[in-house]
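Colleague: sequence plus predicted model, see below.
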Amino acid sequence: MSSFSTIVSTKNVGRGIVGVLCLLVLASSAPENLVFAQTATEVQEKIDDHNAKIKALDAEIAAYQQQLNVLGGQKQTLTSAIKSIDVSRQQTTTQVKVTENRIGATDLQLSQIRREIATKQDLIELDRDAVAQALRNMQLANHTTLVEQILGADTLTEAWTDIDRFTSITDALRAQVEALSGAKIALAGEENNAAAAREKLASLQKELVTQQKALDANKAAKAALLTQTKNQEGTYQSLIAKKRAEQKAFEAELSALEDSLRVTVNTGSIPHVGSGVLAWPFSTTFAQSCLGKAGALKNNFCITQYFGTTPFSTANPQVYNGSGHNAIDIGMPVGTPVLAALSGTVLGTGNTDAVPGCYSFGKWALVKHANGLATLYSHLSQVSVAAGQAVSTGDAVGYSGMTGYATGPHLHFGVYVSQATQIMTLQAYRGATTPCANARMPVAPKDAYLNPMSYL
């Protein structure tokens, strides 16, 4: 290389260093787009608006719950039953609005995250271009010796200035590489946030569908009650009395069947007591409403009757034929979503009300679990699963009601040893002649009925 060529090349390197240094500075200090910043502010204002509406709606839901608590403590009449259904519908309608606002807020958050991801991707591209250019110039500079740089400079001062610039660009390059690495980590974090927001959005949309179905179940329950009673209080009280009489006959026949079943229950095949393997069969929203009843019910889960020999079963031995209560009852407004307590497969569903004069489980669903347990959900207003269907923990199996023998809306939640449980009719097994003889239902030996509280 001639000395002139060396001088020109070296000067070009110096100018290249200055240019790349400027590019690195611009890349590291590039401000976010002003329009994006304004949009982000507007989006946050909309999110805040949704949250304010949610807070106001939550207050409405609490007020409806107070009304339901009062109605639950009153004497059971047709008027109170219809009023309870109406208030439940109003409460669920408000819960739908809450869910819609949560969906709106989550959708806005997701849009905001997507814009942030796009901005970070643009900055990463700018950083990547700056680093690539810097590396090319450093490679060129590395081919120029110190002597060539000094000879190529017009003055010694200019030579040392170029050397200082080279050192500066090295430092800037190191900082920019670190910034690029940090930006990639931040981008990964935003992408994780986006995935979480999408999952939350899907969950809320599923919850919305469930709540809308609950409204349908509520309307159907009210229509059925009015049809049965012809909107007459006397007819309603007669219906309750008839249910009690038929229930007594059914329980006697069922108890005899349970005593005659010969199935060995292997306790080693089921979870240990206190293992907490089951989830409560209701949503967190419903659980929060139970706190307002804790004083009256002496529990935080809306349990109105426990398993075994209870004050009610003792005072009314005819109802359970002296055998005690084989489940727990959870007071639930009509149309409340009833959720699977654990993943499993639906063994069967049924409706004892389809058999005239049979006042038993009403609409029910039985789910078998892989751990040796089976769970029963009965007195439903609507069943939303079918035999053979796989369900996950928290999936809706139906909606609460007061079908079958129920003097008020509640969920009869039972836990059985699955290997000892069968779905059959009393007539097929024993030739029973009670009104419930031809109703399909789950039955098991008495020692296969387990206390749900031992597994919740």
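Modeller: Noted; the coordinates are in hand.
Colleague: where does the stretch 201-350 of the chain dip in pLDDT?
Modeller: 245-267, 309-324 (pLDDT under 70).
Colleague: hmm, who's touching stretch 62-70?
Modeller: S84, V87, S88, Q90, Q91, T94, S289, G292, K293, A296, P333 (C-beta atoms under 8 Å, 6 or more residues apart in numbering). In short, each C-beta sits where N, CA and C put it, glycine included.
Colleague: check stretch 95-113 too.
Modeller: 40, 43-44, 46-47, 50-51, 53-54, 57-58, 61, 190, 193-194, 197-198, 200-201, 204-205, 207-208, 211-212, 215, 285.
Colleague: please repeat the previous calculation with a cut-off of 6 Å.
Modeller: With contact meaning C-beta atoms under 6 Å, 6 or more residues apart in numbering, stretch 95-113 is reached by 43, 46-47, 50, 53-54, 57, 190, 193-194, 197, 200-201, 204, 207-208, 211.
Colleague: before we move on, the earlier item: which among the contacts of stretch 62-70 count as buried?
Modeller: S84, V87, S88, Q90, Q91, T94, S289, K293, P333 (16 or more other C-beta atoms under 10 Å).
Colleague: the residues you listed in helices, which ones?
Modeller: S84, V87, S88, Q90, Q91, T94, S289 (DSSP state H).
Colleague: can you tell me the element the residue nearest the centre of the chain falls in?
Modeller: Central residue of the chain (C-alpha atoms, centre = their mean): S203, 5.8 Å from the mean position. Counting by DSSP states H and E, the element that carries S203 is helix 156-229.
Colleague: for that helix, packing partners?
Modeller: helix 3-28, helix 78-142, helix 146-152, strand 373-383, strand 396-400 (3 or more C-beta pairs under 6 Å, 6 or more residues apart in numbering; DSSP states H and E).
Colleague: least reliable of these by average pLDDT, please.
Modeller: Mean pLDDT is lowest for helix 3-28 among these, at a mean of 45.
Colleague: returning to what we had before: report the buried members of the contacts of stretch 95-113.
Modeller: The buried subset of the contacts of stretch 95-113 (16+ other C-beta under 10 Å) comprises 47, 50, 53-54, 57, 190, 193-194, 197, 200-201, 204, 207-208, 211.
Colleague: that older thread, which pair of the ones in helices among the buried ones among the contacts of stretch 62-70 spans the longest distance?
Modeller: S84 and T94 (15.8 Å; C-beta to C-beta).
Colleague: state the number of residues packed around the nearest residue to V417 once chain neighbours are set aside.
Modeller: The spatial neighbour of V417 that comes closest, neighbours along the chain excluded (C-beta to C-beta, 6 or more residues apart in numbering), is A448 at 4.2 Å. By other C-beta atoms under 10 Å, 22 other residues sit near A448.
Colleague: ok, the one 5 residues further on next?
Modeller: The local packing count at M453 equals 17, with neighbours defined by other C-beta under 10 Å.
Colleague: and the one 3 residues further on, by the same measure?
Modeller: L456 is surrounded by 18 other residues when neighbours are defined as other C-beta under 10 Å.
Colleague: G344 too?
Modeller: Neighbour number of G344 under other C-beta under 10 Å is 23.
Colleague: and for E116?
Modeller: Neighbours around E116, by other C-beta under 10 Å: 19.
Colleague: what's the angle between the helix holding S203 and strand 396-400?
Modeller: 50 degrees (axes from the mean of the first three to the mean of the last three C-alpha atoms, to 10 degrees).
Colleague: quick one: contacts for G414?
Modeller: Applying C-beta under 6 Å, 6+ apart, the residues near G414 are A327, L376.
Colleague: can you show me the CA trace of the one helix or strand it maps to as CSV?
Modeller: Secondary-structure element containing G414, defined by DSSP H and E: strand 410-417. C-alpha atoms of strand 410-417 as CSV (Å, rounded to 0.1, in the frame of the first residue of the first chain):
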residue,chain,number,x,y,z
HIS,A,410,-78.7,-25.6,47.2
LEU,A,411,-76.1,-28.0,45.9
HIS,A,412,-76.0,-31.5,47.4
PHE,A,413,-72.3,-32.3,47.1
GLY,A,414,-71.4,-36.0,47.7
VAL,A,415,-68.1,-37.8,47.7
TYR,A,416,-68.1,-41.6,47.0
VAL,A,417,-65.6,-44.5,46.7
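Colleague: closest to A370 out of the buried ones among the contacts of stretch 95-113?
Modeller: The closest of the buried ones among the contacts of stretch 95-113, once distances to A370 are taken by C-beta to C-beta, is E207, at 25.8 Å.
Colleague: distance of the closest one from G394?
Modeller: Distance, E207 to G394, by C-beta to C-beta, to the nearest Å: 10 Å.
Colleague: buried ones in stretch 180-196?
Modeller: L180, A183, L187, E190, N193, A194.
Colleague: any chance of those residues in JSON lines with distance to L380 as columns?
Modeller: Formatted as JSON lines, these follow (distance: C-beta to C-beta, whole Å):
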{"residue": "L180", "distance to L380": "58"}
{"residue": "A183", "distance to L380": "53"}
{"residue": "L187", "distance to L380": "48"}
{"residue": "E190", "distance to L380": "43"}
{"residue": "N193", "distance to L380": "38"}
{"residue": "A194", "distance to L380": "38"}
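Colleague: mind putting the residues you listed into CSV with distance to T407 and pLDDT?
Modeller: Shown next, in CSV, are the buried residues of stretch 180-196 (distance: C-beta to C-beta, whole Å; pLDDT from 0 to 100):
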residue, distance to T407, pLDDT
L180, 70, 70
A183, 65, 73
L187, 60, 76
E190, 55, 79
N193, 49, 81
A194, 50, 81
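Colleague: count the neighbours of the closest residue to N326 other than its chain neighbours for me.
Modeller: Nearest non-adjacent residue to N326, counting by C-beta to C-beta, 6+ apart: Y449, 4.2 Å away. Per other C-beta under 10 Å, the neighbour tally for Y449 reads 24.
Colleague: so Y449 is in contact with H325, correct?
Modeller: No: applying C-beta atoms under 6 Å as the test, Y449 and H325 come out as separate, 9.5 Å apart.
Colleague: now do the shared contacts for these two.
Modeller: By C-beta under 6 Å, 6+ apart, no residue touches both Y449 and H325.
Colleague: enumerate every residue touching M332.
Modeller: S400, P409, H410, L411.
Colleague: relative to Q76, how far out is the nearest residue to K363 once chain neighbours are set aside?
Modeller: Computed as C-beta to C-beta, 6+ apart, the closest residue to K363 that is not its neighbour in sequence is L380, at 4.2 Å. To Q76, L380 is 19 Å away according to C-beta to C-beta.
Colleague: more neighbours, those two?
Modeller: Between L380 and Q76, counted using other C-beta under 10 Å, L380 has the larger neighbour count: 29 against 15.
Colleague: apart from its neighbours in sequence, what residue is nearest S275?
Modeller: Per C-beta to C-beta, 6+ apart, closest to S275 is Y455, 6.5 Å.
Colleague: what about that neighbour, distance to G372?
Modeller: Taking C-beta to C-beta, one finds Y455 at 11 Å from G372.
Colleague: list the residues that contact T407.
Modeller: With C-beta under 6 Å, 6+ apart, T407 has these contacts: Q76.
Colleague: fine by me, we can end here.
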